[in-house]
Every structure is written in structure tokens, then in C-alpha cells.
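Undergrad: kindly return the folded structure for what I paste below:
(chains A, B, C and D)
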Number of protein chains: 2
Amino acid sequence: MLPGQLRGTGMNTAALSAIERFSRYQSDDAQSAAPVHCPVRDVLDRIGDKWSMLMIMTLAPRPQRFSELRRAIRDISKRMLTQTLRDLERDGLITRHVFPTKPPSVEYRLAPLGESLLEPMANLIDWADRRYPDIHAARACFDGASGEVPR
Amino acid sequence: MLPGQLRGTGMNTAALSAIERFSRYQSDDAQSAAPVHCPVRDVLDRIGDKWSMLMIMTLAPRPQRFSELRRAIRDISKRMLTQTLRDLERDGLITRHVFPTKPPSVEYRLAPLGESLLEPMANLIDWADRRYPDIHAARACFDGASGEVPR
DNA sequence: AGGGCAGGTCTAATATAGAGACTTAGGTTC
DNA sequence: GAACCTAAGTCTCTATATTAGACCTGCCCT
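TA: Next up, the predicted model:
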């Protein structure tokens, strides 16, 4: 059971229990010799990479083709675009449809599993959007203060 | 305004509007010559790196010291641990307290800003935990099917 | 005197990402 | 009718990020 720090924060039950579950995985892992396989780690490694969330958010409003995605996320390289799409497809988050036009076009769209990820992810995005000023302020403050005080 | 795909999905308002806002940023960016600075990208680059979310989740139940964190996240290198902690501190998500014991111990704990990230992040973790079997099934299916059909 | 610990930093080796040339086949421009 | 464009990639080479692990500083224990 978690210590009191988290209680009374008004957090919803799913969130609280997620933290607790994760916490348990971690202590199991710290104790055992071999690494315990934690599903959270597994999934975090997947969607927590550099482009996956961005890709899913970009596909949220409508399916898009390879080049459209490239234009939408302008600083992704073709190589990483291909690879990220492939990985997301592999995990069942998006689907890939080839249309035999000339030149062939390929459409990517969210699979139901990917759509189910939209809400939790959008809530994170919403946080990011609302807290952006705070982060920036903290960053400016930190950068201003560093150099003055040695560590 | 977003096309209909998203309507009637039972998604909450904050989530819907987050997707819409993000979508608008992206089209602005696609149109203008210089990249439009999107706060979502900015924050996603920060917490979407390899270790940050894991760190925040690990600090959720209680504050921890450097070595405790190392033991909890066993496959992080000291270098990345230091760097991740420093970056999170810079962004105001965690705080760092040095206790002048001998040898000095350093405690890291979530700042209020970091705590506010806990709920959206925990909801994502909860998703990860619940959908893990689906992802695994999709992965096995994909891996089984590939090699049989050329792309 | 030797060894350990805490919380790091530094360097060298390795893994991952990016830039950009090349592909295939048909359509467009000059 | 030759040169060039597009779509969706792949391939190679280079740049950047990450890891492993040696080393550092003070103080405590034996």
C-alpha cells in the first residue's frame, strides 16, 4: 500500500491504482536477481519514443498518407517515419492500406487500439498545453540561477 | 474544426479540444516557412524521452535519493540518471535537496508541477496496463505474418 | 592502511537517428 | 523525347545519444 503522500490529492481511482501497480512491479524488480518484466516499461518504451505520440496525435483527426505525415511532422526523417509507422503497425495501433494507384499510395489510420489511446494521450497533451508557461518559467529561473551557485 | 471521426467517441471535452488545438498547430506549421513553435512538441520532447516518465512514476509514491532511484530503475546509467534528474529539475517538475550528512545525501521529490503531471500520466499507464495483452497479441500476429508477404 | 559509500564527473565504445542519394514506374513540362 | 516530378520507400554514411565503467572527494569502519 502506498504511503499517504498520494491520498487526498483528488486523483481518480484508475490513476491511483496504476501508480500502485507500477510501484509494486518496481519493488519486485529491485528485489529479484533477474529483471522482472514490467508491462508498463514495455509500453512506455514503445509510445515513449521520440515520434510515436506525435504520430498518433497527427493521425487522430483523420487517416493520412506517408507524404502527408512527412509534411505534418516536418523534422522527421523518412527513415524514422517508416520505422515508427512500422512499429506502431506491429503493435496494432495503426493500420496500413496500400492503394494500387500509379504511383501507389499508402494510407495510415488509427486502429481501434490506437483510438483507445487517444483519450489518455490527449489528457497528457492538455496538461502540456496548460502547464507550458510554468515549465518555461521554471526553466528560465533555473538557467538564470545556475552558474551562480556551484553544486 | 475537426471532421466527424472523433465525434461521438465519448471522449471528454479536454481531450477533444487538446487534439483540436494540436491539430491547428500542426497545420500552421505545415503552412509557414519557419517552424511554428508548438508547446506540445516542446513538452513531449521533454517528458517523451527515454527516462523521464519512468522517473516521475518512480518518484510518485515518495521522494527518493540518487542511489534509490538507481536501484529502482536498474538499467539506467549514472550519467543518464544525473542528466534526467537535472532536466526535470530545470523544468520545475522535481526538486533537489542536499542534506549535509557525511557522506552527503541528495533527495529528489516531485514538485507541485510534477505532481500535477501524475494524474494524466497515470491514466496513460493504466491504459498501458490494460491494453498490454492486445499489444502483445498484435505483435505476435505481425511477426508471424511478416516474411510471408512481401511489401 | 585498506575498503566502502554517496553522489557525482569523465572518457571511450556502442547504439540510434538524421541527411541525402538511389529505386521503380508512370505522368508532366519544354 | 529528354529531363524532371511524385510516392513510398531503402541504403549508406555521418552525427548524436546512451552505456559501461574508471575515477574523484570526504568521511566512517575495521
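Undergrad: okay, now the unreliable bits of chain A?
TA: Scanning chain A with the threshold set as pLDDT under 70 gives A:1-4, A:147-151.
Undergrad: where do the helices sit along it?
TA: Assignment of helices within chain A using DSSP state H yields the ranges A:13-31, A:39-47, A:52-59, A:66-72, A:78-90, A:112-145.
Undergrad: any residue of the second one up close to chain B?
TA: I take that to be helix A:39-47. Yes. Using CB under 8 Å from any CB of the partner chain, we find that helix A:39-47 touches chain B at A:Pro39, A:Val40, A:Arg41, A:Asp42, A:Val43, A:Leu44, A:Asp45, A:Arg46, A:Ile47. For every residue, glycine as well, the C-beta is placed using N, CA and C.
Undergrad: can you pick the most crowded of those?
TA: A:Ile47 (24 neighbours; other CB atoms under 10 Å in any protein chain shown).
Undergrad: in contact with that one: list those residues for me.
TA: Going by CB atoms under 8 Å, 6 or more residues apart in numbering or on different chains, A:Ile47 touches A:Met53, A:Ile56, A:Leu117, A:Met121, B:Ala128.
Undergrad: and A:Met11, by the same measure?
TA: The neighbours of A:Met11, taking CB under 8 Å, 6+ apart as the test, are B:Leu118, B:Glu119, B:Ala122.
Undergrad: which one of those residues is nearest to B:Ile19?
TA: For these, the minimum distance to B:Ile19 (CB to CB) is 18.5 Å, reached by B:Glu119.
Undergrad: how many neighbours does that closest one have?
TA: Neighbours of B:Glu119 under the rule other CB under 10 Å: 21.
Undergrad: same question, A:Pro35
TA: A:Pro35 has 12 nearby residues by other CB under 10 Å.
Undergrad: contacts only, for it.
TA: When contacts are counted by CB under 8 Å, 6+ apart, A:Pro35 touches A:Asp29, B:Arg74, B:Asp75.
Undergrad: between the residues you listed, which has the most around it?
TA: Counting neighbours by other CB under 10 Å, A:Asp29 leads the contacts of A:Pro35 with 19 neighbours.
Undergrad: ok, that one - contacts?
TA: A:Asp29 neighbours (CB under 8 Å, 6+ apart): A:Pro35, A:Val36, A:Cys38, B:Ala72, B:Arg74.
Undergrad: quick one, phi psi at the last one?
TA: What that stands for is B:Arg74. phi -70, psi -20 (degrees, to the nearest 10).
Undergrad: what of the third one?
TA: Note on A:Cys38: backbone dihedrals following degrees, to the nearest 10 are phi -100, psi 120.
Undergrad: correct me, but A:Leu16 touches B:Ala122?
TA: Yes. When contacts are counted by CB atoms under 8 Å, A:Leu16 is listed as touching B:Ala122 (7.2 Å).
Undergrad: looking at the two, which is more packed in?
TA: Using other CB under 10 Å as the criterion, A:Leu16 and B:Ala122 rank with B:Ala122 on top: 26 against 19.
Undergrad: mind listing what the more buried one touches?
TA: For B:Ala122, the contact set (CB under 8 Å, 6+ apart) comprises A:Met11, A:Ala14, A:Ala15, A:Leu16, A:Ala18, A:Ile19, B:Met57, B:Ala60.
Undergrad: out of the residues you listed, who's near DNA strand D?
TA: Among these, no residue sits close to DNA strand D (CB under 7 Å from any atom of the strand).
Undergrad: out of those, which end up buried?
TA: Listed as buried from the contacts of B:Ala122 are A:Met11, A:Ala14, A:Ala15, A:Leu16, A:Ala18, A:Ile19, B:Met57, B:Ala60; burial here means 16 or more other CB atoms under 10 Å in any protein chain shown.
Undergrad: how near is the third one to chain B?
TA: Okay, so that is A:Ala15. A:Ala15 sits 3 Å away from chain B, taking CB to the nearest CB, to the nearest Å as the criterion.
Undergrad: distance check, the residue nearest to that residue when sequence neighbours are not counted against A:Pro120.
TA: Nearest non-adjacent residue to A:Ala15, counting by CB to CB, 6 or more residues apart in numbering or on different chains: B:Ala122, 3.5 Å away. Distance of B:Ala122 to A:Pro120, given as CB to CB, to the nearest Å: 9 Å.
Undergrad: buried ones in stretch A:82-95?
TA: Buried positions in stretch A:82-95, judged by neighbour count with 16+ other CB under 10 Å: A:Thr84, A:Leu85, A:Asp87, A:Leu88, A:Glu89, A:Arg90, A:Asp91, A:Gly92, A:Leu93, A:Ile94, A:Thr95.
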